[in-house]
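>>> Sequence and computational prediction follow.
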Amino acid sequence: MPIRKKDTARALELLEEYCTKLRKPEEQQLKTAIQRVLGIFQSNLFEALLDIQEFYEVTLLNTQKSCEQKLEEVNHMADKWEKSASIQNSELAQSACPVEEAVY
């Protein structure tokens with residue numbers, strides 16, 4: 001059964017709910033570990049992996065789509081991912097190398 005973004009979003013919600021119920025001192029290590037897992041699952045890389053898996057299953061494995069339709073969708077996804085990567089790289093560059101204003 002393919003994993004869908006809405007399914008993972010729901011799983012993350014359940015994990016967050018569980019985490020909020022951990023209040024006892026002996027549960028704090030477990031809470032911290034769950035928060036680490038949540039951080040990983042909410043990362044851009046994990047989101048990209050879900051996008052790729054869903055795209056593969058919904059588009060490329062779809063025998064009802066022609067090669068031309070698949071090509072069009074592949075190009076659309078490539079454009080989307082390139083734009084996203086470009087924006088993220090730009091943001092990273094700005095945060096890593098802030099531009100200093102000249103003082104006159």
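Cool, the structure landed.
>>> could you measure Y56 against Y18, distance?
From Y56 over to Y18 the distance is 30 Å, taken as C-beta to C-beta, to the nearest Å. The C-beta positions use only the backbone N, C-alpha and C, and glycine is treated the same way.
>>> make that L50, sorry
Applying C-beta to C-beta to L50 and Y18 gives a distance of 21 Å.
>>> same question, L12
11 Å.
>>> If you count surrounding residues, which of these two has more?
L12 (15 against 12; other C-beta atoms under 10 Å).
>>> burial measure for E47, as a count.
14.
>>> What distance do you get for it to F41?
E47 is 9 Å from F41, by C-beta to C-beta.
>>> looking just at contacts, which helices and strands does the lowest-mean-pLDDT helix or strand in the chain meet?
Using mean pLDDT, DSSP states H and E, the weakest-scoring helix or strand in the chain turns out to be helix 67-96, at a mean of 79. In terms of contacts (3 or more C-beta pairs under 8 Å, 6 or more residues apart in numbering; DSSP states H and E), helix 67-96 is packed against helix 44-55.
>>> The helix it packs on versus helix 67-96: what angle between them?
180 degrees (axes from the mean of the first three to the mean of the last three C-alpha atoms, to 10 degrees).
>>> Can you tell me how far the most centrally placed residue in the chain is from I40?
Centroid-nearest residue in the chain: E47, 1.7 Å away (criterion: C-alpha atoms, centre = their mean). According to C-beta to C-beta, E47 stands 11 Å off from I40.
>>> between these two, what contacts are shared?
In terms of C-beta atoms under 8 Å, 6 or more residues apart in numbering, E47 and I40 are not both contacted by any residue.
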